[in-house]
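[1] after the sequence you'll find the predicted model.
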Amino acid sequence: MKRPGPLLTLLTGLLLGLFMLTLNATSGTKTVSSTKTYPSPARSVSTSPTPTPTVTPSPTPSKTPVPNASYAGRTDDDAASVAVSIRDGKAVAYFCDGRYKEAWLRGPVEDDGTMRLTAKNGAVLDGKLQQGTKIRGTVKDEGRSYAFTAAKAVKPSGLWRATAKVRGAKIDGGWIVLPNGRQTGIVTRDGKATAAPRIDPETGAVTVDGQQLTAQPVTP
């Protein structure tokens, strides 16, 4: 058997090389371009602030002042009289048994009609105006408590007072005139108490130790 010659071997190599070149030309590598994705910019959303509801405060109820008026009455045990005069939220009161016991009391009146009045001698009046027609309360004097009711008084009933100098003595008189005309009063002469003479409730005229005086309605 004959071996192939050198020429045949060279020809075979050339054919193989041409075949490989042709194969590379027809089956080239496809280049894929990569696409870079950029995120979309964030959208700015404009939000309007939620309006705060306006709350209208409820109107504060106006306070009704205690009406100006006078009140007069008796203690529950009928031992003494009590009169109260109210003006512009202040009160003056007189407690009197018509013989020797008396007290002048003063103090404020609250919007609800309650009052606590005090006297120089230590007496205290606690009361409350009820429906504008009467005052119900107590007077504490010299360790004793007196419950009372004082009804609304219209002149000439109410509280009266007279002060003067008579024959060198200092006179201080207080009178309570009840709606039924009954009077209770004390006159002090230089601090000594005695029963008071009657006054004319229409004019306030009164005679003390032979001298005519004029009592005046009492207001705070």
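    Yes, it's here.
[2] please make it C-alpha for all contacts and neighbour counts, starting now.
    Noted.
[3] so where do the helices sit in this structure?
    With DSSP state H, the ranges of helices along the chain come out as 6-26.
[4] mean pLDDT per helix and strand in it: which one sits at the bottom?
    helix 6-26 (a mean of 59; mean pLDDT, DSSP states H and E).
[5] output the below-cut-off pLDDT ranges for the chain.
    1-63 (pLDDT under 70).
[6] wait, residue 190 touches residue 171, no?
    Yes - with contacts counted by CA atoms under 8 Å, residue 190 reaches residue 171, the gap being 6.7 Å.
[7] the more surrounded of those two?
    Applying other CA atoms under 10 Å to residue 190 and residue 171 shows that residue 171 carries more neighbours, namely 20 against 12.
[8] what sits against residue 189?
    By CA atoms under 8 Å, 6 or more residues apart in numbering, the contact set of residue 189 is 169, 170, 171, 172.
[9] list just the nearest of those to residue 183.
    Nearest to residue 183 among the contacts of residue 189 is residue 172, at 16.4 Å by CA to CA.
[10] quick check: the gap between the closest one and residue 148.
    In this structure, residue 172 and residue 148 are 24 Å apart, going by CA to CA, to the nearest Å.
[11] next: residue 165.
    For residue 165, the distance to residue 148 - CA to CA - is 33 Å.
[12] neighbour count for the two, which is higher?
    More neighbours surround residue 148 than the other of residue 165 and residue 148, with 24 against 13 (other CA under 10 Å).
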